[in-house]
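> need coordinates for the below:
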Amino acid sequence: MSNSDLNVTALSQYLGRHLDGLEGPIEAKKFVGGQSNPTYLLTSHNKRYVLRRKPAGDLLKSAHAVDREFRVITALENSEVPVAKPLLLCEDATIIGSVFYIMEYVDGRVMWDPALPDVDFSHRCEIYSEMNRVMASLHKINIAEVGLSDYGRPGNYYERQINRWIQQYRASETEKIADMNWLIKWLPNNTPSEDGRVSLVHGDFRLDNMLFHPKKSQVLALVDWELSTLGHPFADLAYQCMQLRMASNSALQGLDGIDREALGIPSEQDYVSQYCKRVGINGITDWNFYLAFSAFRFAAILQGVKKRALDGNASNDKAYKMGEMVAPLAKMAIGLVN
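Below is the predicted model:
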């Protein structure tokens, strides 16, 4: 963690008036890691909390919507999907300079390396199975029952997403990348027909966005809901599998070239089969399209990270290095479909 850039005095005064149970002044430390909404640990006399806010600087339209994050974790609080307890949303940007929300602090493990080098053989398998279970539980949520029927726009999810991320990429483009331009032309013309599947999707479903029990292979909270929406469930599955295809020595650690069986980690085929069984489907067609779309979308996201780094507004000092993965991701996507 690093020292906080928050106005702690103003924040303490506001929380003292609006957050039940808060005792005494607070201290704030910024979490290191992550490229989106800056996140802080707040420590009071008797409790710890987590604050999520929008980053500084000019932001792309619809990006960093912390109010949406707060809404979705509130909706999921009593569901089969583990989330941190939401406590307070502040839409008054004058308090700390942006909208923010407060949630409970979850004392769990963050695992950054998908090879899980610090976990024994049997627990690796359990951890991947637990991630798979959480994803399936998320996609089986009845969106009407939890009050999220209007959480996304109607129509073909992939068409909307492709158009959105083309626009976001163009808005943050810092250099011409031929493979990204190829994908921008190819993807809209090769989108699978809509199959009627609509679910709540996380949008950034990956290992390091989960807090695990300190000793058990149990997810205590799925975090970072910034990109969540109503959409196609295969988007989360393909996104996680796409990340696992990356080189293990890249800025975005993957499992490409690693003997998964020797580590006790399921193959992509086995992982997808587990998911299909849990959600009650027989298989997935157009799988390479979903993987390619995920790679393009992630490349567009990282282009935004790179732009913020160049503008001096990145939330993490590794942002520029992450941004250098845009071209390799585009190349991966083309290799899947061309």
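
> the chain: strands as residue ranges?
With DSSP state E as the criterion, the chain has strands at 2-3, 27-30, 39-43, 48-53, 86-90, 100-104, 199-201, 210-212, 219-222, 229-231.

> any weak-confidence spans in the stretch 51-200 of the chain?
56-64 (pLDDT under 70).

> biggest helix in this structure by residues?
helix 287-311 (DSSP state H).

> buried stuff in that helix?
Buried residues in helix 287-311, counted by 16 or more other Cβ atoms under 10 Å: 287, 289-309. (Glycine included, C-beta is placed from N, CA and C.)

> redo the strands of the chain as CSV? Include distance to residue 254 and mean neighbour count.
Formatted as CSV, these follow (distance: least, Cβ to Cβ, whole Å; neighbours: other Cβ atoms under 10 Å):
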stretch, distance to residue 254, mean neighbour count
strand 2-3, 27, 9
strand 27-30, 27, 16
strand 39-43, 24, 20
strand 48-53, 27, 22
strand 86-90, 32, 19
strand 100-104, 29, 22
strand 199-201, 21, 24
strand 210-212, 17, 22
strand 219-222, 20, 21
strand 229-231, 24, 20
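
> residue 192: which of those strands is closest?
strand 229-231 (13.4 Å; Cβ to Cβ).

> in a markdown table, list the strands of the chain along with distance to residue 240.
As requested, the strands of the chain are arranged in a markdown table below (distance: least, Cβ to Cβ, whole Å):
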| stretch | distance to residue 240 |
| --- | --- |
| strand 2-3 | 29 |
| strand 27-30 | 27 |
| strand 39-43 | 21 |
| strand 48-53 | 22 |
| strand 86-90 | 24 |
| strand 100-104 | 23 |
| strand 199-201 | 12 |
| strand 210-212 | 11 |
| strand 219-222 | 12 |
| strand 229-231 | 15 |
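
> indicate which one of those is closest to residue 321.
Of all these, it is strand 2-3 that lies closest to residue 321, at 17.5 Å by Cβ to Cβ.

> next, count neighbours for residue 170.
12 (other Cβ atoms under 10 Å).

> and the closest residue to residue 45 other than its chain neighbours, what pLDDT?
Spatial nearest neighbour of residue 45, chain neighbours left out: residue 24 (3.3 Å); criterion: Cβ to Cβ, 6 or more residues apart in numbering. Residue 24 is assigned a pLDDT of 77 by the prediction.

> so what's residue 24 up against?
Neighbouring residues of residue 24 by Cβ atoms under 8 Å, 6 or more residues apart in numbering: 44, 45, 46.

> touching, the first one and residue 11? I think so.
Looking back up the chat, that one is residue 44. No - look at residue 44 against residue 11 with Cβ atoms under 8 Å: they stay out of range, at 11.0 Å.

> which of the two has more neighbours?
Taking neighbours as other Cβ under 10 Å, residue 44 and residue 11 compare with residue 11 leading, 22 against 18.

> and that one, what does it touch?
Residue 11 neighbours (Cβ under 8 Å, 6+ apart): 26, 28, 42, 51, 95, 96.

> nearest to residue 202 among these?
Residue 202 has its nearest neighbour among the contacts of residue 11 in residue 51, at 20.6 Å by Cβ to Cβ.

> what helices or strands is the longest helix of the chain leaning on?
Helices and strands touching helix 287-311, by 3 or more Cβ pairs under 8 Å, 6 or more residues apart in numbering; DSSP states H and E, are helix 157-172, helix 178-186, helix 234-244, helix 319-323, helix 326-337.

> can I get these in JSON lines including distance to residue 37?
Formatted as JSON lines, the helices and strands packed on helix 287-311 follow (distance: least, Cβ to Cβ, whole Å):
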{"stretch": "helix 157-172", "distance to residue 37": "16"}
{"stretch": "helix 178-186", "distance to residue 37": "25"}
{"stretch": "helix 234-244", "distance to residue 37": "18"}
{"stretch": "helix 319-323", "distance to residue 37": "13"}
{"stretch": "helix 326-337", "distance to residue 37": "21"}
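
> out of these, which is closest to residue 123?
Proximity to residue 123 (Cβ to Cβ) singles out helix 234-244 among the helices and strands packed on helix 287-311, at 17.6 Å.

> now the closest one and helix 326-337, what's the angle there?
Per axes from the mean of the first three to the mean of the last three Cα atoms, to 10 degrees, the angle that helix 234-244 makes with helix 326-337 is 110 degrees.

> chain center to helix 234-244: distance?
Mean C-alpha position of helix 234-244 versus that of the full chain (Cα atoms, centre = their mean, to the nearest Å) differs by 11 Å.

> contacts only, for residue 40.
By Cβ under 8 Å, 6+ apart, the contact set of residue 40 is 4, 6, 28, 29, 30, 31, 50, 51, 52, 53.
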